[in-house]
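Engineer: take a look and give me a structure for this.
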Amino acid sequence: MTTSGTSVPLLRLTLHRRLDVPDRAHEILAALPDDTDVVAYDAPAAALAQALRRSRRAGTPGNDALAAQLDALGDDPVLVRQVDLGNELLTVLHRSSDGAFLSAAVTERDAAIETISAAELATLLAATAAPGADRALELVRLLAPDDPVRRYEQGARSTAQTFATKYGLAAERGSTVLDLESFVAAVSRFGADDLPFCALDVPGAVVTVAFTPDRTAVLATTIARRPADDQGEDRS
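Structural biologist: Below you'll find the predicted structure:
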């Protein structure tokens, strides 16, 4: 899921300088404008490690450095922050519970990212009967048709549990979270299998979409609306 408040200046402040953090990571952040878009989402550590080890970058030093830090965390949620410069993708991992820095790596963008265009996503949303898809479609249409939206895989059961806990608490505290129950129910039916997801920030909200395993249809959607006083701030 995407998390509000991340920015390039914040990444510069929180990215550690140590031997296992590549110098290129700091160089990328220094070269990027402050207002560059940063993608951020929570993922269960075990599911993320599994996805990294199955990816096309499996076995490369950057990919393995990210995965190695996740093994001891089980299904604890990890905050993933990603930003790209040219063909390079910088990924920074923090533990969601306390914000502790875990690792960072630079990989080749075209080999590491799967995307779906906003137009393709809108087409899939328009074709589904999933609860809330019409609301998600309205928000996706705020994007330019050719805007790329990152799509990633992670475990269905662990993702459902993470969403139920984090967004359930947010709803109890007064935040507006739409279609959470139907999202959790639809995703959890797939058990330990991986599912494709995408998460995107739009003005005032975070939209998360789950896809069928073959990526040909939308399975479920949920929308977390930001408090009015957070909508003008950078994402974190």
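Engineer: break this structure down into its domains, please.
Structural biologist: Residue ranges for the domains of the chain, per automatic domain parsing: 8-112, 114-230.
Engineer: save those domains as CSV, and put in mean neighbour count and mean pLDDT too.
Structural biologist: Using the backbone N, CA and C atoms, a C-beta is placed for each residue, glycine as well. Output for these, formatted as CSV (neighbours: other Cβ atoms under 10 Å; pLDDT from 0 to 100):
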stretch, mean neighbour count, mean pLDDT
domain 8-112, 17, 80
domain 114-230, 18, 88
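Engineer: dump the residue contacts of residue 215.
Structural biologist: 151, 196 (Cβ atoms under 8 Å, 6 or more residues apart in numbering).
Engineer: need the three-state assignment for it.
Structural biologist: coil (DSSP: H, G, I helix; E, B strand; the rest coil).
Engineer: please tell me how far residue 133 sits from residue 97.
Structural biologist: Here residue 133 is placed at a distance of 32 Å from residue 97 (Cβ to Cβ, to the nearest Å).
Engineer: and if you look at residue 80?
Structural biologist: Counting by Cβ to Cβ, the gap from residue 80 to residue 97 is 14 Å.
Engineer: SS state for the residue most central in space within the chain?
Structural biologist: The centroid of the chain falls nearest to residue 41 when counting by Cα atoms, centre = their mean (3.2 Å). Under three-state DSSP, residue 41 falls in the strand class.
Engineer: just grab the bridge partners of it for me.
Structural biologist: residue 2, residue 80 (DSSP bridges).
Engineer: that one against residue 199, yeah?
Structural biologist: Yes - Residue 41 is within contact range of residue 199, at 4.7 Å (criterion: Cβ atoms under 8 Å).
Engineer: could you pick out the longest helix of this protein?
Structural biologist: Longest helix in the chain by number of residues (criterion: DSSP state H): helix 156-172.
Engineer: list the contacts of residue 117.
Structural biologist: Residue 117 neighbours (Cβ under 8 Å, 6+ apart): 145-149.
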